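Asker: All I have is the shape, not the residue letters:
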């Protein structure tokens, strides 16, 4: 969350959305998930929190600045 705020990314999801994403991913054991418009990866982290080891996630964004911030964390 702190990194997202530091980058000035103003399309934040709140913690309720994060809890929902984690629960939805947890409900699909071995699921295959696709996230479009990754942003800073905040929702990605919530999804990963709910996923089991046999699940997979593909996440996509076209903003090079945000992608570089993900790579450096």
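Answerer: Nice, thanks for sending it over. What you see is a predicted model; the values in this text were computed from it and never measured.
Asker: Would you mind listing the buried residues in the longest helix anywhere in the chain?
Answerer: In the chain, taking DSSP state H as the definition, the longest helix is helix 15-26. Neighbour counts over helix 15-26 (16 or more other Cβ atoms under 10 Å) mark 18, 21-22, 25 as buried. (Glycine included, C-beta is placed from N, CA and C.)
Asker: Can you check the pLDDT for residue 64?
Answerer: Note on residue 64: pLDDT of 75.
Asker: Apologies, that question was intended for residue 71.
Answerer: 55.
Asker: What is the neighbour count of the closest residue to residue 52 other than its chain neighbours?
Answerer: Nearest non-adjacent residue to residue 52, counting by Cβ to Cβ, 6 or more residues apart in numbering: residue 29, 5.5 Å away. Residues lying near residue 29 (other Cβ atoms under 10 Å) number 11.
Asker: related to what we said a few turns ago, can I get the buried residues of helix 15-26 in a markdown table with pLDDT and distance to residue 50?
Answerer: Below are the buried residues of helix 15-26 laid out as a markdown table (pLDDT from 0 to 100; distance: Cβ to Cβ, whole Å):
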| residue | pLDDT | distance to residue 50 |
| --- | --- | --- |
| 18 | 90 | 9 |
| 21 | 95 | 7 |
| 22 | 96 | 3 |
| 25 | 97 | 4 |
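Asker: so what's the backbone phi/psi at the spatially closest residue to residue 23 that is not a sequence neighbour?
Answerer: Computed as Cβ to Cβ, 6+ apart, the closest residue to residue 23 that is not its neighbour in sequence is residue 50, at 6.2 Å. Taking degrees, to the nearest 10, you get phi -90, psi -20 for the backbone angles of residue 50.
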